[in-house]
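Q: Build the 3D model from these lines:
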Amino acid sequence: MNASVTALAAIGVVVLAGAAAYGYFLHSAKPAEPRLSAPVTVDTITVADRTRSYRAFVPADLPPGAPLLFVLHGSQQDGKTIRTATGYGFDRLAERHKFAVIYPDGYKRGWNDGRTAAVTPARKEDIDDEGLIAALVERFRQGHGIDPTRVFVTGFSNGGQLAFRLAARTPERLAGIAVIGAGLPTPDQWAVPEPKSPLPVLLIAGTRDPIMPYEGGEASIFGFQKRGTVLSAEATARAFAEVNGITRPPISWPPTGSPLDGSDAPSVIETRYTEPGKPPVVAFTVTGGGHTIPNPDYRFPRLMGRTDDTLDAPAAIWAFFGEFMQEGRNGRSQGR
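A: Modelled structure (predicted):
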């Protein structure tokens with residue numbers, strides 16, 4: 001075998017190895033899109049002299065006064081990819097429970113969240129993402145009759161950090177937030193005042209998240225590109241419980257360390273911080289979970305860690321928000 005043939009063979013081996021590594025660590029299959037009563041629309045809106053884009057699903061028979069849900073993507077994603085990454089779960093739920101869902105696109109695939117260490121173009125250029133959310137609420141109030149007192153926000157990773165910022169800066173516009181794969185910044189890392197107003201909050205965190213440390217500390221992109229320090233998942237939940245005025249100890253199920261389906265430890269533990277008359281905080285711990293959105297229909301690339309399929313995050317989030325459908329803003333019951 002001459003040298004050129006040997007070199008070609010070596011190149012072929014490298015290419016095949018690279019393809020195999022891509023397939024194993026980076027590839028994720030796209031699930032089949034659901035049949036819906038109306039098309040998913042792609043549109044733009046102008047905010048602070050910038051054209052912003054978004055996707056939205058509005059069921060064909062949406063009743064007047066329906067809720068509105070925002071789903072905020074992570075860094076280097078957009079509205080299209082987060083819609084896929086949730087397994088189209090929020091679309092199905094919107095169809096079934098009659099609410100509108102919006103998947104906005106961040107500026108240059110990122111958000112202007114509330115961390116001093118954030119390095120997204122949106123943060124560097126101080127993009128008005130708060131104004132984007134407010135403008136879309138008004139557009140959907142006028143165009144689809146949604147109830148502006150029933151606006152909920154779900155965010156993943158960088159989108160979760162924006163949800164924290166919205167809870168801190170514009171809590172009066174929100175009926176509740178749900179955050180996946182993000183911990184509250186430590187006090188020295190806030191670029192805006194910390195949250196001080198009670199809100200219903202749901203949190204989902206994986207114990208083996210390679211980007212957002214479950215036990216708190218330095219957030220980073222696999223040890224590179226540091227993103228500042230964050231509280232642990234437990235401390236994040238306790239911080240919101242304190243803001244909500246909850247003094248009772250939390251209750252977890254299954255109890256920490258108990259077996260589940262014969263395994264050594266539960267795959268998902270739900271911890272609830274509750275007290276009558278106060279907005280609750282619910283935290284899901286996904287044992288062995290990565291920087292992913294738990295759901296039964298989509299698997300994140302293995303590089304991001306394990307995607308749990310025993311917790312349907314979209315369903316759990318909407319069930320949590322559904323507790324406040326009849327209770328007025330911020331989960332405060334009316335006449336109870």
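Q: Only C-alpha atoms from now on, for both contacts and neighbour counts.
A: Will do.
Q: can you give me the strands in the stretch 51-200 of the chain?
A: 68-72, 100-104, 151-156, 176-180 (DSSP state E, counting those that start in this stretch).
Q: Just put those strands in a markdown table and tack on mean neighbour count, distance to Gln225 and mean pLDDT.
A: Below are the strands of the stretch 51-200 of the chain laid out as a markdown table (neighbours: other CA atoms under 10 Å; distance: least, CA to CA, whole Å; pLDDT from 0 to 100):
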| stretch | mean neighbour count | distance to Gln225 | mean pLDDT |
| --- | --- | --- | --- |
| strand 68-72 | 26 | 22 | 98 |
| strand 100-104 | 25 | 25 | 98 |
| strand 151-156 | 24 | 18 | 98 |
| strand 176-180 | 27 | 20 | 98 |
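Q: nearest to Trp111, of these?
A: Using CA to CA as the measure, strand 68-72 is the one of these that comes nearest Trp111, at 8.9 Å.
Q: Show me what the closest one is packed against.
A: Contact analysis of strand 68-72 by 3 or more CA pairs under 8 Å, 6 or more residues apart in numbering; DSSP states H and E lists helix 79-85, strand 100-104, strand 151-156 as its packing neighbours.
Q: Name the strands paired with it and say parallel or antiparallel.
A: Sheet pairing of strand 68-72 (DSSP bridges) gives strand 100-104 (parallel), strand 151-156 (parallel).
Q: Redo those strands as TSV? Include distance to Thr170.
A: Listed next are those as TSV, based on distance: least, CA to CA, whole Å:
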stretch	distance to Thr170
strand 100-104	18
strand 151-156	12
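Q: List the residues that contact the closest residue to Val101 other than its chain neighbours.
A: Once flanking residues are discounted, Val101 sits nearest to Leu69: 4.7 Å by CA to CA, 6 or more residues apart in numbering. Leu69 is in contact with Phe99, Ala100, Val101, Ile102, Val151, Phe152, Val153, Thr154, counting by CA atoms under 8 Å, 6 or more residues apart in numbering.
Q: didn't the third one look like it was pressed against Phe57?
A: Yes - taking CA atoms under 8 Å as the definition, Val101 is a contact partner of Phe57 at 5.4 Å.
Q: Show me the common contact partners of these two, please.
A: With CA under 8 Å, 6+ apart, Val101 and Phe57 have common neighbours Asp91, Ala94.
Q: pLDDT weak spots in the stretch 51-200 of the chain?
A: Along the stretch 51-200 of the chain, the model assigns pLDDT under 70 to no residue.
Q: rewinding a little: tell me the spacing between the residue nearest to Val101 and Glu242.
A: Using CA to CA, to the nearest Å, Leu69 is found at 25 Å from Glu242.
Q: so where do the helices sit in the protein?
A: With DSSP state H, the ranges of helices along the chain come out as 3-21, 79-85, 89-97, 121-124, 129-144, 158-169, 233-243, 313-322.
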